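Participant: For reference, the sequence and a predicted model appear below.
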Amino acid sequence: MGAVKLNLVLCWHMHQPHYREGVDGEYSLPWVYLHGIKDYTDMAAHLENNPGMRSVVNFAPVLLEQIDDYAHQLKDYFDHGKATSDPFLNQLIGAVAIPQDANGRSELVGHCLRCNAPRMIEPYAVFHGLVRWFDHFEEFDVASDARAVEILNYLDEQYFIDLICWYHISWLGESVRSDERVVRLMEKESGFTDDDRRQLAEVIHDSLNGLIDRYRALADSGQIELSMTPYGHPIVPLLHDFENMRCALPDAPVPMAEGYPGGSERSRWHMDKGIELFQHYFGRRPQGVWLSEGGVSSDALKLLDEYQMRWTATGEGVWRNSCHLSKHDAEDINTKKGLFSPHSHNSDKVRVFFRDDGLSDLIGFEYSKWDTHDAVADFMQHLNNIADSIGDDADQRVVSVILDGENAWEYYYANGALFLDGLYKACASSDRIALRTFSEVADLEARALTELCPGSWVYGSFSTWIGEKDKNLAWDYLVAAKQVYDEAVASGKLSDEQKREATQQLAVCEASDWFWWFGDYNPSDSVRDFEQLFRLQLRRLYSLLQLTPPAVLEQPLSSGGGHGEHSGTMRRTV
């Protein structure tokens, strides 16, 4: 009889924020459809190609809405010639003309450089040759650099058509590259015509159009468990009470506002809306919730109990802080053995799983630099070591590996295809590992946490979203907008439709993503994109309430300037 198997849950979190200007305006950034044709498509394909692999896939409902919206808008373009709401996509498909002015061309080139060049530009000789005109693009200042204007005006329209086509080709997932339409375009290399652009747009549409159904089919077959995040991706513990930051950040500065008014009701709104959309797209009710950013607190767990959720999960740092508060055995904490069990908190029925930060970060940040065989072997050896350390009790324990499902692969060879295929095959064939979903292991004996230190998957605190000057200022702007919203609703002056639109817009403003980018850690370009959109969303809310937005919302609230790893889209926790 062989050794008992250690339970492994691999959970991918799929999330992009609401990029439209207001509820139904233009898309300010193209990341939903670009990650759709690259990462969400490939991640489904890897599971389909490895039926022995099991995992949990978590979706933010606001992402599902946008994937669906892009698919419908592209169909409207093909059927009726109607331009989409994404200006960048419109330039690719020819719904709007390539800019003729230096400023417009500079913006287009800037878009086409936004990727990890060593993996997504340099491997393609033609694409690499096109962008070499702009090796020093960051130094360009169209307003004052005559040389920049000269180069942009010198290049003909075909150059920009080829550039934007190659950028989108480089964003296609490995599973899409075998499409004969893509093969033909890559063989053609340059001189792309309107017909070529339409074919590329059709590839994009086809990738997005069936995407949600592919994950639904994987869940229907029992291969994956689908879970969700509250609708707009808010930090639930901070909506409930700013004091939830204090356990892990006792000395950090706080917003001027005492708290977010009506936060508990807003959390329920995001849960209700999220479940509604989840059932719409997947035909089932979720059994588990990855609270936005793994943000947990006692009041957040009680909320999940209200909705009869079986499980949630968060970061290792929260586990450590909570174990210390609960006076758990020091050796149990230091050896991490206690990490590998579901936990309960007081009388709550929901089970809490804790992420193995080390294993998760190896996939997120390190294995992209390794030989594929060595990376897979190293990961499996870590799991074997954990199983050995636990011994005969291994089948009662769970290793939780949880990470971003879209942003790491840009740094891997072939978008992570070789690594993921190797990893999935190794996990599925292992005689030491049992692949599970969280719902399947939620009934294992739980360890009790008498005290829970509120925090997130990042450092076990909320420092990425509050407790710093710019982040606190953003909270104060949001609190002021919520107070005005409450007054407008209470006045009875809004029609039902006006109230619905304003409530939806408020949800957009409550997303965690804005606060993620504020501060000096992240690159200036990304900070500028998100802080401008955050202020625009707040101004849109005031307008929907038939009020003049405060003048302060015209002024930037954060400028960045750091060099965050992976362009700031991910955080390393160890």
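Facilitator: Alright, I've got the coordinates. Keep in mind the model is a prediction, meaning the values are calculated, not measured. Numbering: from 1, shown residues only.

Participant: Helices of the stretch 451-574 of the chain, residue ranges please.
Facilitator: Remark: helices assigned in the stretch 451-574 of the chain by DSSP state H, counting those that start in this stretch are 469-491, 496-509, 513-517, 524-544.

Participant: and what of the stretch 1-150 of the chain?
Facilitator: 31-35, 41-49, 61-80, 87-93, 102-112, 117-120, 125-131, 146-154.

Participant: so can I have a markdown table of those showing mean neighbour count and distance to residue 325?
Facilitator: Glycine gets a C-beta too; all of them are placed from N, C-alpha and C. Formatted as a markdown table, the helices of the stretch 1-150 of the chain follow (neighbours: other C-beta atoms under 10 Å; distance: least, C-beta to C-beta, whole Å):
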| stretch | mean neighbour count | distance to residue 325 |
| --- | --- | --- |
| helix 31-35 | 24 | 38 |
| helix 41-49 | 21 | 37 |
| helix 61-80 | 19 | 33 |
| helix 87-93 | 21 | 48 |
| helix 102-112 | 19 | 47 |
| helix 117-120 | 16 | 43 |
| helix 125-131 | 16 | 52 |
| helix 146-154 | 15 | 56 |
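
Participant: could you dump those to a markdown table with mean pLDDT and distance to residue 188?
Facilitator: Output for the helices of the stretch 1-150 of the chain, formatted as a markdown table (pLDDT from 0 to 100; distance: least, C-beta to C-beta, whole Å):
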| stretch | mean pLDDT | distance to residue 188 |
| --- | --- | --- |
| helix 31-35 | 98 | 22 |
| helix 41-49 | 98 | 22 |
| helix 61-80 | 98 | 21 |
| helix 87-93 | 98 | 16 |
| helix 102-112 | 93 | 18 |
| helix 117-120 | 96 | 19 |
| helix 125-131 | 96 | 10 |
| helix 146-154 | 86 | 24 |
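
Participant: Which one of those lies nearest to residue 518?
Facilitator: helix 31-35 (18.1 Å; C-beta to C-beta).

Participant: which strands and helices sit next to that closest one?
Facilitator: Contact here means 3 or more C-beta pairs under 8 Å, 6 or more residues apart in numbering; DSSP states H and E; on that basis helix 31-35 packs against helix 61-80.

Participant: Let me know the angle separating the helix it packs on from helix 496-509.
Facilitator: 120 degrees (axes from the mean of the first three to the mean of the last three C-alpha atoms, to 10 degrees).

Participant: is it true that residue 353 lies in a helix?
Facilitator: No: with DSSP: H, G, I helix; E, B strand; the rest coil as the criterion, residue 353 is located in strand rather than a helix.

Participant: Next one: the nearest residue to it once chain neighbours are set aside from residue 401, what distance?
Facilitator: Using C-beta to C-beta, 6 or more residues apart in numbering and skipping residues adjacent in sequence, the residue nearest residue 353 is residue 313, 4.2 Å away. To residue 401, residue 313 is 11 Å away according to C-beta to C-beta, to the nearest Å.

Participant: just the helices in the stretch 151-300 of the chain please.
Facilitator: Using DSSP H, counting those that start in this stretch, the helices of the stretch 151-300 of the chain run over residues 157-170, 180-188, 194-209, 211-220, 236-240, 263-282, 298-306.

Participant: what is the mean pLDDT for the last one?
Facilitator: Confidence over helix 298-306 (mean pLDDT, whole number) is 98.

Participant: can you check the first one too?
Facilitator: When pLDDT is averaged along helix 157-170, the result is 98.

Participant: Now do that helix and helix 102-112, the angle between them.
Facilitator: Here helix 157-170 points in a direction 20 degrees away from that of helix 102-112 (the same axes, to 10 degrees).

Participant: do the same with the longest one
Facilitator: Helix 263-282 and helix 102-112 meet at an angle of 80 degrees, taking the same axes, to 10 degrees as the criterion.

Participant: helices and strands around helix 263-282, which ones?
Facilitator: Applying 3+ C-beta pairs under 8 Å, 6+ apart, we find helix 263-282 packed against helix 61-80, helix 211-220, strand 224-228, helix 236-240, helix 298-306, helix 496-509.

Participant: The fifth one now?
Facilitator: Helices and strands touching helix 236-240, as assessed by 3+ C-beta pairs under 8 Å, 6+ apart, comprise helix 263-282, helix 298-306.
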